[in-house]
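Novice: model the following, please.
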Amino acid sequence: MPKYSKRLVNLIHWLPRLVILNYLWLLASLPLITLVSSTRTTAFLVMQYRQEEQISGNIWQTFWQTFKTTQQRFDFIRSFILVLTIIDCLWLIKMTSPWSKTALVVLVLILLGCTLISSWHVTLATKYNRICWLQVFVYCGQHFGLLLGQILLNIVTCLALFLFGQGFALLAGMSTMISLNTFFTHYFIKNNA
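Specialist: Alright, predicted model coming up:
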């Protein structure tokens, strides 16, 4: 079977799992204080798929087991800050002054940057077992051009998801973003580390 055909079959096999992962992410994020933990769990499952070409066992059970084992000490505080940032963005959207639009763009870029650095952290942590955030910042700083390219890719992906409709973006949006970032960082680290 040609290489591109195998990739297409893998993509078709993975799409329903993306939808299931997105619903599990939404369900796990409902308390809001678990937002960071559920996002990390989704990234870990995507990494597992990337490494093994499959998620072993039932995806529902695997998600909740991974959710319990990957929680970290300050996830509550990180989730709280993330929720406050999203509320600030929603508040700034309603304002019409030029400084509010500038602040909105800056906050959205900060959110995208945090998403990217988190995907790099998850990917590097699976490769090197334990890695601190400072090492991730240094690694990302060494590949700053790649990070900017990844931010542009995320912006284009967000726009494309909303072009297909808000329902589609809700159905598979977050898991698609996490998957793209995790696949991208895993591919880069695998080939350059």
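Novice: buried set for the helix or strand where residue 173 lies?
Specialist: When elements are assigned from DSSP states H and E, residue 173 belongs to helix 166-192. Buried positions in helix 166-192, judged by neighbour count with 16 or more other CB atoms under 10 Å: 169, 171-186, 189. No exception for glycine: its C-beta is placed from N, CA and C like everyone else's.
Novice: what packs against that helix?
Specialist: helix 3-29, helix 35-52, helix 98-128, helix 144-163 (3 or more CB pairs under 8 Å, 6 or more residues apart in numbering; DSSP states H and E).
Novice: buried deepest among those, which one?
Specialist: Here the criterion is mean neighbour count by mean count of other CB atoms under 10 Å, and of the helices and strands packed on helix 166-192 the winner is helix 35-52, at a mean of 22.
Novice: dump it to CSV, restricted to CA.
Specialist: Output in CSV follows, covering the C-alpha atoms of helix 35-52 (Å, rounded to 0.1, in the frame of the first residue of the first chain):
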residue,chain,number,x,y,z
LEU,A,35,-9.6,22.7,31.9
VAL,A,36,-5.8,22.4,32.0
SER,A,37,-5.9,18.7,33.1
SER,A,38,-8.4,17.7,30.4
THR,A,39,-6.4,19.5,27.7
ARG,A,40,-3.2,17.7,28.8
THR,A,41,-5.0,14.4,28.9
THR,A,42,-6.2,14.9,25.3
ALA,A,43,-2.6,15.8,24.2
PHE,A,44,-1.3,12.7,25.9
LEU,A,45,-3.8,10.5,24.1
VAL,A,46,-2.9,12.1,20.8
MET,A,47,0.8,11.5,21.6
GLN,A,48,0.0,7.8,22.4
TYR,A,49,-1.8,7.5,19.1
ARG,A,50,1.1,9.2,17.3
GLN,A,51,3.6,6.8,18.8
GLU,A,52,1.6,3.5,18.7
